[in-house]
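A.B. asks: Generate a structure from the sequence data that follows.
(one chain, ligands or ions: 2)
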Amino acid sequence: MKIEQAYTIVTSPGRNFVTLKIVTDQGEYGIGDATLNGREMAVVAYLEEHVIPTLIGRDPQRIEDIWHYLYRGAYWRRGPVTMSAIAAVDMALWDIKAKLAGMPLYQLLGGKSRDRVMVYGHATGRDIETCLEEVARHVEEGYKAVRVQAGVPGIASIYGVAKKDGEPYEPADAELPAEHVWSTSKYLNHVPKLFAAVRERFGDDLHVLHDVHHRLTPIEAARLGKEVEPYHLFWLEDCVPAENQEAFGLIRQHTTTPLAVGEVFNSLYDAKALIENQWIDYIRATLTHAGGITHMRRIADLAGLYHVRTGFHGPTDLSPVCLGAAIHFDTWVPNFGIQEYMPHTSATDKVFPHDYRFEDGHFVVGETPGHGVDIDEDLAKQYPYKRASLPVNRLEDGTLWHW
Ligand SMILES: O=C(O)C(=O)C[C@H](O)[C@H](O)CO
Ligand SMILES: [Mg+2]
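C.D. replies: Ligands and ions are numbered 1, 2, ... in the order given. The predicted structure follows:
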């Protein structure tokens, strides 16, 4: 069996998605997600110029060999563009292998470790009151875990809070980067009040999460972790930028609030010290940005040795292809923690027909051979690419800060 054809499909049913399709000489095909939010066309160029020409004629069943061919063969290892391109190939090849075996992907990985996978949804509101209403809506819809992000008095626009109450937030909301203004002190004073209100209204059972989105220094993160300890967060996410892995050692010394990190990671080496030193509790790297199923298995296996569990990134800027493959991975992986879930628009769901389903705060994996997600190429063509950028963030004095 040989790879006969491979091509990228860029579509924007409300937001941009990049998909790689690989077709074999026997007519079987697989698809992989290659969406890197705000940098989509860089991955398209990488795939078209440097990857696809090398795939033609290869045996699609040699997933491991092709992974190393693309990783070692590039010479320039790692990085989000390279690793997203490799991930898309890897995901498509696992899709093909599972289809050839006539099995849903989770069976090939090792079978079910659980019947369903718990997800967390996003509640956002311009203030604490509206945010609590959004949490209530999620609880009514069956969610057992909710990420809670509220507007902060004195900060005009803030990460993770929708422009209109009740709507999902979209970070890539302008052709060129929008500019936000950030105040650490206003934020730090406000977040404990938010979680006190959440526990007061919803009691102890609901799992609550919070994303700091890389905006604190280690000692500020330590303060926040300590101050929200009474509210028993499921996790505090991305409390500092993680290029300096040792920073988490400092935070860890000060707080028992569980720590999650890794949505911007693309390699095991981004997380090695974090995992081996047990500085974190959840690893959030995803299939699409961290080298696909082949590489994420290695990250998850290392994490498992150190009591670190998975918590895959699952925003709307990863396509249903990534989400579908992630649900198979989550169903199999022994050290599963939780799966992020931001529902895609109905236009997106139509472009990417899939067999996973949301039920009672969980995803239930499908039984279709492969990863269970397809693409309607004719429909995809109706939504041309539109440049969209993530914002930047400045301190009140104008200093460019972390977004
Ligand atoms: O889902 C999350 O936790 C995020 O932080 C979402 C990111 O901002 C988003 O994926 C950036 O593209
Ligand atoms: Mg995040």
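A.B. asks: quick one: secondary structure of residue 122?
C.D. replies: For residue 122, the secondary-structure state derived from DSSP: H, G, I helix; E, B strand; the rest coil is strand.
A.B. asks: Flag every residue of this structure that's near ligand 1.
C.D. replies: Where the chain comes near ligand 1, counting by CB under 6 Å from any ligand atom, the residues are 37, 171, 211, 213, 263, 313, 315, 317, 340, 390. Every residue, glycine included, has its C-beta placed from N, CA and C.
A.B. asks: is it true that residue 193 touches residue 129?
C.D. replies: No - assessed by CB atoms under 8 Å, residue 193 is found out of contact with residue 129, at 11.8 Å.
A.B. asks: of the two, who's got more company?
C.D. replies: When neighbours are counted by other CB atoms under 10 Å, residue 193 and residue 129 differ, and residue 193 comes out ahead with 13 against 10.
A.B. asks: Model confidence at that one, what's the number?
C.D. replies: Residue 193 is assigned 98 on the pLDDT scale.
A.B. asks: Now do the contacts for it.
C.D. replies: For residue 193, the set of contacting residues under the criterion of CB atoms under 8 Å, 6 or more residues apart in numbering consists of residue 128.
A.B. asks: ok, now residue 355?
C.D. replies: The neighbourhood of residue 355, defined by CB under 8 Å, 6+ apart, consists of 324, 366, 367, 368, 372, 373.
A.B. asks: Same check on residue 50?
C.D. replies: Applying CB under 8 Å, 6+ apart, we find residue 50 in contact with 74, 85.
A.B. asks: what kind of secondary structure is it in?
C.D. replies: Assigned by three-state DSSP, the conformation of residue 50 is helix.
A.B. asks: One more: residue 278?
C.D. replies: State at residue 278, reduced to three classes by three-state DSSP: coil.
A.B. asks: Got the confidence number for it?
C.D. replies: At residue 278, the pLDDT value in this model is 98.
A.B. asks: With the one 5 residues further on instead?
C.D. replies: Here the pLDDT value assigned to residue 283 is 98.
A.B. asks: can I assume it is in contact with residue 300?
C.D. replies: Yes - with contacts counted by CB under 8 Å, residue 283 reaches residue 300, the gap being 7.5 Å.
A.B. asks: which residues do those two both contact?
C.D. replies: Residues touching both residue 283 and residue 300 (CB under 8 Å, 6+ apart) are residue 310.
A.B. asks: Those two: which has the busier surroundings?
C.D. replies: Each of residue 283 and residue 300 had its neighbours counted (other CB under 10 Å), and the higher figure belongs to residue 283 (29 against 22).
A.B. asks: contacting residues around the more buried one?
C.D. replies: By CB under 8 Å, 6+ apart, the contact list for residue 283 reads 260-262, 265, 271, 274-275, 299-300, 303, 308-311.
A.B. asks: Near ligand 2, which residues of the protein? Just list them.
C.D. replies: Of all the residues in the chain, those in contact range of ligand 2 (CB under 5 Å from the ion) are 211, 263.
A.B. asks: cutoff 6 Å now
C.D. replies: Counting by CB under 6 Å from the ion, the positions of the chain adjacent to ligand 2 are 211, 213, 237, 238, 263.
A.B. asks: Show the backbone phi and psi for the third one.
C.D. replies: Pointing back at residue 237 there. Phi and psi for residue 237, reported as degrees, to the nearest 10, are phi -100, psi 140.
A.B. asks: just checking, it touches residue 280?
C.D. replies: No - proximity of residue 237 to residue 280 does not meet the contact threshold set by CB under 8 Å, at 10.2 Å.
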